[in-house]
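> My questions are about this predicted structure, shown below with the sequence.
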Amino acid sequence: MKRHYLQFIFSCVLLSSPAFADESVMQPHSQGAVTFISGGVGIEEREALDAVRPNYNLSLLFSEQSGNYLSDVMVRITDLNNNVFLEPVAVGGPKLFAKLPPGRYIVTAEAKGQSLQKTVTVKNNHQPAVSFVWH
């Protein structure tokens, strides 16, 4: 009986592996009018992000001065009147792509106990790339 139980468990694990692989593919998320996607850990995620890059009009990259990429960065995007377009989001990789209405925005990124802020102009057909580098 124990052998059959172990065979059953092993079979379930093997059959569920493709399902876990599909879940690892990054999915877009939305907050209000903003759609965004983040990740970029590993070759597969970087390739997936590169494929969808044209669908977004803002690209953010997070790294250390040493060149190491950062994940788990808190991101907040507001317009110049302090209206929030993207609440603090923990980024699961060094890249975040967002699709925002055209306008000027303040992007705040927090990691390693330090908050960095940049102002960026977003247009429909223009894709600004903004890098945040922590020292």
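Structure received. Computed from a predicted structure; not experimentally measured. Numbers count the residues shown, from 1 in each chain.
> what comes into contact with the helix or strand containing Arg76?
Using DSSP states H and E, Arg76 sits within strand 73-79. Applying Cβ atoms under 8 Å, 6 or more residues apart in numbering, the external contacts of strand 73-79 come out as 34, 60, 62, 84-91, 96, 98, 100, 103-111, 132. The way it works is simple: take the backbone N, C-alpha and C, and place the C-beta from them, glycine included.
> Give me the distance between it and the centre of its chain.
The chain centroid and the centroid of strand 73-79 are separated by 12 Å under Cα atoms, centre = their mean, to the nearest Å.
> Would you mark the buried spots in that strand?
For strand 73-79, the neighbour count (16 or more other Cβ atoms under 10 Å) marks 73, 75-78 as buried.
> now, which of those sits nearest His29?
Val75 (11.9 Å; Cβ to Cβ).
> Across the sheet, point out what pairs with the closest one.
Legend: beta-bridge partners of Val75 under DSSP bridges are Val89, Ala109.
> measure Ser131 to Val107 for me?
With the distance defined as Cβ to Cβ, to the nearest Å, Ser131 ends up 11 Å from Val107.
> Pairing partners for the residue nearest the centre of the chain in the sheet, please.
The centre of the chain sits closest to Ser38, judged by Cα atoms, centre = their mean, with a distance of 1.3 Å. Beta-bridge partners of Ser38, counted by DSSP bridges, are Leu96.
> all numbers from here: first residue = 55
With the count now opening at 55, the last piece we talked about shows up as Ser92.
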